[in-house]
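Novice: Quick one: sequence plus predicted model below, questions after.
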Amino acid sequence: SNDKIIYLSDNNTKEIINHKNLNSTKKIMNLYNSGIIKKKNKLIFWIDRLGLNKLYYYNDKNKIIITDNLKYFKNFKICDLNLKMFLMSGYCIDNYTIYNNVFTLKAGEYIELNLNTKIIRKKNYFKFKKNIKKKKINFNKYYKKFDLILNNEFKKIIEKNKDRIIYVPLSGGLDSRLVLCKLLENNCKNLITFSYGTKGNFESIKSKKISQKLGVKWIFLNTKKIKSEFFSQKRRKYSQIGFGKFLTPMREYFAIKQLKIKNRSKNITIINGQTGDFLSGGQLPPPFFKNKINLNLFINEIINKHISYWKDDAYKHQIKLILKKKYNFLKNASKEKKISEFEKWNFYNRQANIVITDVILYDYFKFDWELPLWCENVVNFFNRLPINERLGKKFYLEYLKMYNYKNSFLTTSVGSSWTIYTFWVKYLANFLGIFDKRLKVFLYNFMKYFGHYKYLYSWIDFKFYLKNFNKIKNQEAFLTQQIIKENKNFLKYE
C-alpha cells in the first residue's frame with residue numbers, strides 16, 4: 001500500500017505524483033535530473049545520465065525507502081566488502097552501496113517498481129555504449145562534424161553565461177586547453193583561467209604560458225598550507241555532505257575555496273575540461289593495443305587502474321572472483337568487445353563517481369558550472385567513433401593538431417608529475433632501476449610526498465606517511481581513508 005512507501009529527500013529531487021501520460025516518461029527524465037513518478041501500481045524513479053544526482057533505494061516486503069542521501073540509512077548494517085571497495089577506489093561498483101540491501105541507480109538508469117508484487121525492473125533511458133567496429137574514416141568529414149558540434153555547444157554556453165565571469169581551471173593537459181580555445185574562438189568575454197597546486201608544478205607553468213599566449217588573465221591558487229583548512233569545520237561539513245551522496249571529490253577543494261574567498265560575486269561560472277581524455281580513448285591501457293586481450297588481462301587492468309588505492313592482495317583476490325563472474329560472458333568475446341566493456345566500466349564506475357563529480361564542489365561553494373565535453377552531442381560523437389580511431393586517442397589528437405587555435409596545440413605532450421624542484425627524481429629513479437627495479441619503485445613511492453600533489457599529502461603526519469607510503473598507489477588512498485574515518489556516524493556494524 002502507498003503508506004509503506006517512504007520518500008526522504010534533501011530537496012534536490014523532483015517528485016511527480018500520478019503522472020497520467022506514461023509515454024512521455026523519458027521526456028520528463030530529460031527535464032529533471034532525478035525524480036519519481038507514480039502511476040497506478042507503478043513507481044518509476046531515475047537519475048541523470050551522468051550520475052550526479054544520486055538516488056538510493058531499499059525494497060522488502062514491508063516497505064520501500066527511496067532517498068537522495070545515504071544518511072537516512074545510517075542505522076542499516078554495513079557491508080564490509082563494499083566498504084573496502086570504497087576504501088580501495090572511492091566508490092562502490094555498479095549498483096552497490098556500503099549498506100547491505102541498499103542500492104543506487106547507475107548513470108542514465110531508471111527503475112520500474114511494481115507496487116503490488118514489489119518486482120523491480122531496471123532499464124536505461126541513456127546507454128553509454130561504444131562503437132566496436134573498425135572503419136577507415138574520412139578525417140576531414142569527421143573533423144568538420146566534431147568542430148561544428150563543439151562550436152554549437154560553446155555558443156549556447158556563452159549566450160547562457162553572457163553576463164557572468166567565466167573561470168576555466170587550466171591544467172597542462174589538452175581538454176581544458178580545448179575548452180579555453182573554443183571559448184575564445186566563439187568570442188567569450190570576461191574570461192579568466194586559474195591553476196592550483198604545489199608551487200613550481202609543471203602544469204601551472206604550462207598553463208600560465210598558454211594563457212599569456214592567448215591574452216587571457218591567469219591566476220595561481222597556492223594550496224601550500226592546507227593542514228589547518230583540512231581539519232576545519234567547513235571542510236568536514238563538505239565531507240559529510242559528500243559522503244551522504246556518496247560523492248567525495250577532494251582534490252580541488254582547497255583551490256575552489258580560495259577562488260570563493262577571492263570572488264564573492266555570485267555571477268561566476270566554472271567550465272572545466274572533463275573528460276575529453278576518457279571519451280576519446282585516452283584511458284585505455286597500452287596492453288589493450290595488442291592483438292589479444294584475455295579475460296585475466298581485462299580484469300587485472302580494471303583492478304590495477306581503478307581498484308588499487310591500497311596494496312591488498314587478499315582483497316584484490318576477492319574482487320577478481322567477483323569480476324570473473326560478472327564478465328564471464330566476455331571469455332570468448334572479441335578484443336573490440338572487451339575494449340568497449342572496459343570503457344563502459346570506466347564510465348559507470350570511475351567517471352560517474354569520481355571524475356565528473358568535481359562539480360559537487362562548485363555547488364558547495366555556490367558556483368555555477370558547465371560541462372561542455374559531456375554534452376549529449378559530444379558524448380554521442382565519441383561513442384559512435386570507430387574503435388580504431390579511439391585507440392591512443394588517434395582522432396582526438398589529429399583533430400587538435402589540425403585545429404591548433406593560435407598555435408596552442410603545436411605539442412600535445414602532457415605535463416610531469418613532478419615540480420621544478422623535484423624533476424630530478426625520474427632521472428635518479430631510472431638510474432637506480434638499472435641495478436635494481438625495486439630501488440626505482442621505492443624512490444618513486446617515497447618522493448610522491450614532495451611531488452606534484454605535495455599539498456594533498458601535507459595534512460598527513462610524516463611519520464604516518466613513512467609507515468604507509470609503500471602500501472598506497474597515490475594520495476587518494478589517505479584521503480579516502482580519512483573520509484571514512486570522519487564519517488563514522490554513517491557506519492553501523494553487526
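Specialist: Great, that's in hand.

Novice: Spell out the secondary structure type for the closest residue to D358 other than its chain neighbours.
Specialist: Once flanking residues are discounted, D358 sits nearest to P249: 4.8 Å by CB to CB, 6 or more residues apart in numbering. Any C-beta I mention is one placed from the backbone N, CA and C, and that applies to glycine too. Under DSSP: H, G, I helix; E, B strand; the rest coil, the three-state class of P249 is coil.

Novice: Surely P249 touches I360?
Specialist: Yes. Counting by CB atoms under 8 Å, P249 touches I360, with 5.8 Å between them.

Novice: Pull up the overlap in contacts between these two.
Specialist: Jointly contacting P249 and I360 under the rule CB atoms under 8 Å, 6 or more residues apart in numbering are G242.

Novice: Looking only at neighbour counts, state which of the two leads.
Specialist: Taking other CB atoms under 10 Å, P249 and I360 do not tie; P249 has more neighbours (22 against 17).

Novice: all helices of the stretch 251-400 of the chain, in order?
Specialist: Secondary structure of the stretch 251-400 of the chain by DSSP state H, counting those that start in this stretch: the helices cover 253-262, 276-279, 295-306, 313-326, 335-345, 359-364, 376-384, 394-403.

Novice: quick one: average pLDDT of the second one?
Specialist: Per-residue pLDDT values over helix 276-279 give a mean of 95.

Novice: what comes into contact with it?
Specialist: 173-175, 178, 282-283, 343, 346-347, 351, 355, 373, 378-379, 382, 393, 396.

Novice: Just the buried ones from the residues you listed?
Specialist: 173-175, 178, 282-283, 343, 346-347, 351, 355, 373, 378-379, 382, 393, 396 (16 or more other CB atoms under 10 Å).

Novice: looking at the protein, which helix or strand is least sure?
Specialist: strand 14-17 (a mean of 46; mean pLDDT, DSSP states H and E).

Novice: Which stretches in the stretch 351-494 of the chain count as strands?
Specialist: With strands called from DSSP state E, counting those that start in this stretch, the stretch 351-494 of the chain shows them at 368-370.

Novice: Below-threshold pLDDT in it: ranges please.
Specialist: 414-415, 492-494 (pLDDT under 70).

Novice: Name the residues of stretch 182-202 that are buried.
Specialist: In stretch 182-202, counting by 16+ other CB under 10 Å, buried: 182-186, 188, 191-198, 201-202.

Novice: Output that stretch as CSV - backbone C-alpha positions only.
Specialist: Taking Å, rounded to 0.1, in the frame of the first residue of the first chain, the C-alpha atoms of stretch 182-202 are listed here in CSV:
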residue,chain,number,x,y,z
LYS,A,182,36.7,27.2,-28.0
LEU,A,183,35.5,29.9,-25.6
LEU,A,184,37.9,32.4,-27.2
GLU,A,185,37.1,31.4,-30.8
ASN,A,186,33.4,32.0,-30.1
ASN,A,187,34.0,35.4,-28.6
CYS,A,188,33.6,34.7,-24.9
LYS,A,189,34.1,37.9,-22.8
ASN,A,190,35.0,38.1,-19.1
LEU,A,191,37.2,35.0,-19.2
ILE,A,192,39.8,34.1,-16.5
THR,A,193,41.9,31.0,-16.2
PHE,A,194,43.4,29.5,-13.0
SER,A,195,45.7,26.8,-11.9
TYR,A,196,46.5,25.5,-8.5
GLY,A,197,48.6,23.0,-6.5
THR,A,198,52.2,22.9,-5.3
LYS,A,199,54.4,25.8,-6.2
GLY,A,200,56.5,25.1,-9.2
ASN,A,201,54.4,22.3,-10.6
PHE,A,202,54.8,21.9,-14.4
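
Novice: how far is that stretch from where the chain is centred?
Specialist: 21 Å (CA atoms, centre = their mean, to the nearest Å).

Novice: cool, stretch 468-477 as well?
Specialist: The answer for stretch 468-477 is 20 Å, by CA atoms, centre = their mean.
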